[in-house]
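**Student:** next come a sequence and a model predicted from it.
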Amino acid sequence: MLNIVILAAGLGKRMQSSLPKVLHLIAGQPMLSHLLHTAQTLSPDRLMVVVGHGADTIRQAYVGSSPPISFVLQTEQLGTGHAVRQTNDQLLGEDANSFTMVLYGDVPLVQADTLIRLQDAARQGLALLTETLSDPTGYGRIVRDAQGRVTSIVEQKDATEAQLHIKEVNTGMLVVRTHNLKKWLLSLNNSNAQGEYYLTDIVAMAVAQGIEIQTVQPQGAYETLGVNSRTQQAALERLWQAEQARRQLDAGVTLLDPNRFDVRGTLECGLDVTIDVGCLFEGNVQLADGVTVGPHCVLKNVLIGPGTHIEAYSHLSDAQVGADTRIGPYARIRPGTVLGDRSHVGNFVEIKNTHLGQDSKANHLSYVGDADIGQRVNIGAGTITCNYDGVNKYRTTIEDDAFIGSDTQLVAPVTVGAGATLGAGTTLTTDAAPNSLTLSRVKQVTLANWQRPVKKKAV
């Protein structure tokens, strides 16, 4: 049986923000969300978040979450031991196979495999996640005896001069048998330099009972880094983005500059994918084999088919793109759009909630919204679907093999029949017949000897 307790009650004063610290973002998600996702992969029997400052805001952020999260209120912030003690009555299990894991809401990027190793090490009774730092300033030090066994954790303010030189530090994360934890929490006192109840004091209690302390260290340095300021938040963001880039490179993705690459969600790539500089991927993005993404593109919740090429400065959101499609530069693909195989969406074209069929093209300076477009359709430059009357939105249908001339307005609801041609400059307000030319253009007139008005001179 596994309880997971996440401590998230701190004020975060140095963040200089009214938003609770654990709701500040790393890679586009609140820090607490990162940790909750990781914790849930361990399938805990009970998952609790201890809240204090901004408790209502944090609760509101996770209304309707699945599975539900239990929130425990710490009305006074009297230290980590005091925070965990608030969960004592809710911790499940009293036998030797029940464990409790303690995590920290402002240390968001610890990985599941690290926590699994920590959980396995705790079979002896208590396991700590530690880290060896070249500069351990600010951290509690891991004190070991001559045989290398952990004897205690000493906070920096309480450490001796010799202890301050210890490089192995406590990250705060631990796993302990639940029945022992409950007992030790009730024995904590605040006789220390900060007048707080330290959770780390349970280590000395375990040692006194002959329980050997196990330690585990993470694979990545970013896993144990906490955020207490904007500077630390920015530094952790870059470390995490570097890790995302490393993983993509290891999977065979070509990143033209790994230092200019950001993922705020999940990015899945097939074989031979190339990503140019300055691209941002949000939500769930899937790039199939052979996809190329040009510089400074933004992709959010999109599925891109094999062989598709996305040119520079294009924005795609909540859309599906077929194979061998060409997009951009400077194209905007908005939610609800489906682009068929071998379709083209060119520069300064905006498409919203539209199905664009195979081999169809909208290459220049057009807006196409709420439309169903067939195969092999050509949409000329400056075309607009007039889909909104100020109250309701209507759909435009353009059937296979139609040709839409430049500077055309299609006032929805309207249908252009298969094989139809609309002459340039047409404003279409009724259906266009299949295989016919439709025009709505005044007759051209030339006025001989016409004089352009001239500006009157001031009196």
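**Tutor:** Looks like it came in fine.
**Student:** helix, strand or coil for N284?
**Tutor:** strand (DSSP: H, G, I helix; E, B strand; the rest coil).
**Student:** please report how far it lies from R247.
**Tutor:** 16 Å (C-beta to C-beta, to the nearest Å). No exception for glycine: its C-beta is placed from N, CA and C like everyone else's.
**Student:** so which strand or helix has E243?
**Tutor:** helix 230-250 (DSSP states H and E).
**Student:** list the buried ones in that helix?
**Tutor:** Across helix 230-250, burial judged by 16 or more other C-beta atoms under 10 Å covers 233, 236-237, 239-241, 243-245, 248.
**Student:** equivalent analysis for stretch 334-350, please.
**Tutor:** For stretch 334-350, by 16+ other C-beta under 10 Å, it's 334, 336-347, 349-350.
**Student:** among those residues, which are in helices?
**Tutor:** Of the buried residues of stretch 334-350, none are assigned to helices by DSSP state H.
**Student:** name whatever forms a beta bridge with C269.
**Tutor:** Under the criterion DSSP bridges, C269 forms beta bridges with L287.
**Student:** adjust the sequence numbering to begin at 693 for everything that follows.
**Tutor:** With 693 as the first residue, the last one maps to C961.
**Student:** residues near N1084, how many?
**Tutor:** Residue neighbour count, defined by other C-beta atoms under 10 Å, stands at 9 for N1084.
**Student:** ditto for G785
**Tutor:** Quick note: G785 (other C-beta under 10 Å) scores 18 neighbours.
**Student:** name the nearest residue to it, ignoring sequence neighbours.
**Tutor:** M693 (4.0 Å; C-beta to C-beta, 6 or more residues apart in numbering).
**Student:** so what pLDDT did the one you found get?
**Tutor:** As predicted, M693 sits at a pLDDT of 94.
**Student:** can you redo the buried residues of helix 922-942 as JSON lines with pLDDT and distance to P1021?
**Tutor:** Output for those, formatted as JSON lines (pLDDT from 0 to 100; distance: C-beta to C-beta, whole Å):
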{"residue": "Q925", "pLDDT": "97", "distance to P1021": "33"}
{"residue": "L928", "pLDDT": "97", "distance to P1021": "33"}
{"residue": "E929", "pLDDT": "97", "distance to P1021": "28"}
{"residue": "L931", "pLDDT": "97", "distance to P1021": "32"}
{"residue": "W932", "pLDDT": "97", "distance to P1021": "29"}
{"residue": "Q933", "pLDDT": "97", "distance to P1021": "24"}
{"residue": "E935", "pLDDT": "97", "distance to P1021": "30"}
{"residue": "Q936", "pLDDT": "97", "distance to P1021": "25"}
{"residue": "A937", "pLDDT": "98", "distance to P1021": "24"}
{"residue": "Q940", "pLDDT": "98", "distance to P1021": "23"}
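**Student:** switch the residues you listed over to TSV; also include distance to E1003.
**Tutor:** Rendered in TSV, the data for the buried residues of helix 922-942 read as follows (distance: C-beta to C-beta, whole Å):
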residue	distance to E1003
Q925	33
L928	33
E929	28
L931	31
W932	28
Q933	23
E935	28
Q936	23
A937	22
Q940	21
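**Student:** pick out the most distant pair among these.
**Tutor:** Taking C-beta to C-beta as the measure, these span a maximum distance of 22.9 Å, between Q925 and Q940.
**Student:** give the buried residues for stretch 1098-1107.
**Tutor:** Result for stretch 1098-1107 [16+ other C-beta under 10 Å]: buried residues 1098-1104, 1106-1107.
**Student:** which of those fall in strands?
**Tutor:** Counting by DSSP state E, the part of these found in strands is 1101-1103, 1106-1107.
**Student:** does N1127 really touch G1111, like I thought?
**Tutor:** Yes: using C-beta atoms under 8 Å, N1127 is in contact with G1111, at 4.1 Å.
**Student:** give me the more crowded residue out of the two.
**Tutor:** G1111 (15 against 11).
**Student:** how much space between that one and P1126?
**Tutor:** Taking C-beta to C-beta, one finds G1111 at 5 Å from P1126.
**Student:** same check, this time on Q752
**Tutor:** Taken as C-beta to C-beta, the span from Q752 to P1126 is 55 Å.
**Student:** so the two - more neighbours on which side?
**Tutor:** Set Q752 next to P1126 and count neighbours by other C-beta under 10 Å: P1126 wins out with 15 against 9.
**Student:** would you list the phi and psi of the more buried one?
**Tutor:** Here is the backbone geometry of P1126 (degrees, to the nearest 10): phi -60, psi 150.
**Student:** these two touch, right, it and T1107?
**Tutor:** No: in this structure, P1126 is not within contact of T1107 by C-beta under 8 Å, at 9.6 Å.
**Student:** so what sits against both of the two?
**Tutor:** Shared contacts of P1126 and T1107 (C-beta atoms under 8 Å, 6 or more residues apart in numbering): E1091.
**Student:** what about the spatially closest residue to D1092 that is not a sequence neighbour, how many neighbours?
**Tutor:** Residue nearest to D1092 in three dimensions, not counting chain neighbours: G1066, with 3.8 Å by C-beta to C-beta, 6+ apart. G1066 has 20 neighbouring residues, counting by other C-beta under 10 Å.
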